[in-house]
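Enquirer: Next comes the sequence, and after it the predicted model I'd like to discuss.
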Amino acid sequence: MNTPPFHRHRRLRSNPLCLEMVADVILHRNHFIYPVFITTGKNQKNPIPSMAGIFQLSGKYLLEEIESCLKAGINKFLLFGIPSQKDPIGSDTWNSKGVIQSSLQILRKKFPEAYLISDICFCEYTDHGHCGILNKENYLENDFTLKNLALQAVSHAEAGAHLLAPSGMLDGMVSTIRAALDNKGFSELPIMSYAVKYASSFYGPFRNAAGTSLKSGDRKTHQMNPRNGFWEALSEAEEDIRQGADIIMVKPAMPNLDILSGLRGKINAPLAAYQVSGEFNMLKNAVLRNDLNEDAIVESLISIKRAGAGIIISYFSKELAVKGVI
Ligand code: PBG
């Protein structure tokens, strides 16, 4: 008998049905979350610079957006609020009539089939743009900020959020929120922690979208250094699980596929990845210029899934679902 000198990988590639059968990764709309920017004022639809097709919405435009997503099969939304007033501590985050609280109440009533996730942070609400309280040296105060984080979390829970997503990268944020929720009878409300969040330039367009540009300083004293190795990501993820996180998120997604893949083998929790505004911008603009075709977007999402993320937060969720791609 003759042993073939090489393996014919092409055998599984020549028939499209076979190709489909052996494909490991399937993108399905159930696993996608769509970020939505909610602003105040009546019926606003403000285009966001450098995020083509994405808007700050209010009133009827917000309802239209949610409705068209639901029609396309996207039913999970990550809500960001752009408040009408800011102050040094971000007190509007726990205003029961604030932009997110009032939107949650309306959306829960209008769209009982929607799953509403609220981003828990201060950067949209502070006049300096930092993710909490600053001390005299302009250093982000961890423990004072935690006290306010608990107020915000409870307020969003009371307004009807289905899942809370703390994104401020403060030490102890998950246990603080967990305890506050449990105290108020929300022990069944899950937490998706932005546990592994790098200090990334890829958030640039988001800062226009949510009005969170910094007056001074940066976020390097609390977000992770992209130069650090896997050990830090694992430590952050394990610590947040220990504190009570139900889902662990990595962000940004594509620059950190190695981290996603490493975590998938190590932690006992669902993994989410956030394909952030800068990643969206690069792909979207390349497609708009016809430099790339739309399959590049799908390929980017496949890589995120293959690396180990079960859940993907993406600004492409809606358009891909509308086109029937996911
Ligand atoms: C903080 C927050 C940010 C993003 C999500 N939540 C910005 C930041 O950390 O500076 C970025 C998302 C994106 O770039 O799409 N509330």
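Expert: It's in.
Enquirer: Look through the chain and tell me its longest helix.
Expert: helix 142-159 (DSSP state H).
Enquirer: Name the spans of this structure whose pLDDT lies under the cut-off.
Expert: Low-confidence segments of the chain, defined by pLDDT under 70: 1.
Enquirer: again, only this time at 90
Expert: Filtered on pLDDT under 90, the chain yields the residue ranges 1-4, 208-209, 211-217.
Enquirer: what does it put close to the ligand?
Expert: Proximity of the chain to the ligand is confined to 119, 121, 123, 167, 203, 206, 212, 219, 276-277 under the rule Cβ under 6 Å from any ligand atom. In short, each C-beta sits where N, CA and C put it, glycine included.
Enquirer: Tell me the helices and strands packed up against the longest helix of the chain.
Expert: The contact analysis (3 or more Cβ pairs under 8 Å, 6 or more residues apart in numbering; DSSP states H and E) places helix 142-159 against helix 99-110, strand 115-120, strand 163-166, helix 173-183.
Enquirer: tell me the angle the longest one makes with strand 115-120.
Expert: Counting by axes from the mean of the first three to the mean of the last three Cα atoms, to 10 degrees, helix 99-110 points 170 degrees away from the direction of strand 115-120.
Enquirer: who's in contact with the closest residue to A179 other than its chain neighbours?
Expert: In space, and not counting its chain neighbours, A179 is closest to A150: 7.5 Å by Cβ to Cβ, 6 or more residues apart in numbering. Residues in contact with A150 (Cβ atoms under 8 Å, 6 or more residues apart in numbering) are 176-177, 179-180.
Enquirer: for these, which one is nearest the ligand?
Expert: Taking Cβ to the nearest ligand atom as the measure, the ligand sits nearest to I177 out of these, at 14.3 Å.
Enquirer: gap between the nearest residue to that closest one once chain neighbours are set aside and the ligand?
Expert: Of all residues not flanking I177 in the chain, A153 sits nearest, at 4.3 Å (Cβ to Cβ, 6+ apart). Separation of A153 from the ligand (Cβ to the nearest ligand atom, to the nearest Å) stands at 14 Å.
Enquirer: S118 against A165, yeah?
Expert: Yes. Assessed by Cβ atoms under 8 Å, S118 is found in contact with A165 at 6.8 Å.
Enquirer: Give me the common contacts of the two.
Expert: Common neighbours of S118 and A165, counting by Cβ under 8 Å, 6+ apart, are L78.
Enquirer: neighbour-wise, which of those two wins?
Expert: Per other Cβ atoms under 10 Å, whichever of S118 and A165 has more neighbours is S118, with 27 against 24.
Enquirer: ok, now which ones touch the more buried one?
Expert: By Cβ under 8 Å, 6+ apart, S118 lies in contact with 78-79, 100, 104, 156, 161, 163-165.
Enquirer: and it, bridged to which residues?
Expert: In this entry, S118 is beta-bridged to L79, L164, by DSSP bridges.
Enquirer: Could you verify my assumption that P166 touches P190?
Expert: No. P166 is beyond contact range of P190, at 11.8 Å (criterion: Cβ under 8 Å).
Enquirer: Of the two, which one has the most company?
Expert: The neighbour count for P166 versus P190, taken as other Cβ under 10 Å, is higher for P166 (26 against 17).
Enquirer: tell me the contacts of that one?
Expert: 120-121, 149, 153, 173-174, 177, 191, 193-194.
Enquirer: Which residue ranges of this structure form strands?
Expert: In the chain, the strands defined using DSSP state E lie at 32-39, 45-47, 55-57, 76-82, 115-120, 163-166, 192-197, 247-251, 271-275, 311-314.
Enquirer: now those as a markdown table including distance to L19?
Expert: What follows is the strands of the chain, written out as a markdown table (distance: least, Cβ to Cβ, whole Å):
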| stretch | distance to L19 |
| --- | --- |
| strand 32-39 | 23 |
| strand 45-47 | 40 |
| strand 55-57 | 38 |
| strand 76-82 | 30 |
| strand 115-120 | 33 |
| strand 163-166 | 36 |
| strand 192-197 | 33 |
| strand 247-251 | 29 |
| strand 271-275 | 25 |
| strand 311-314 | 23 |
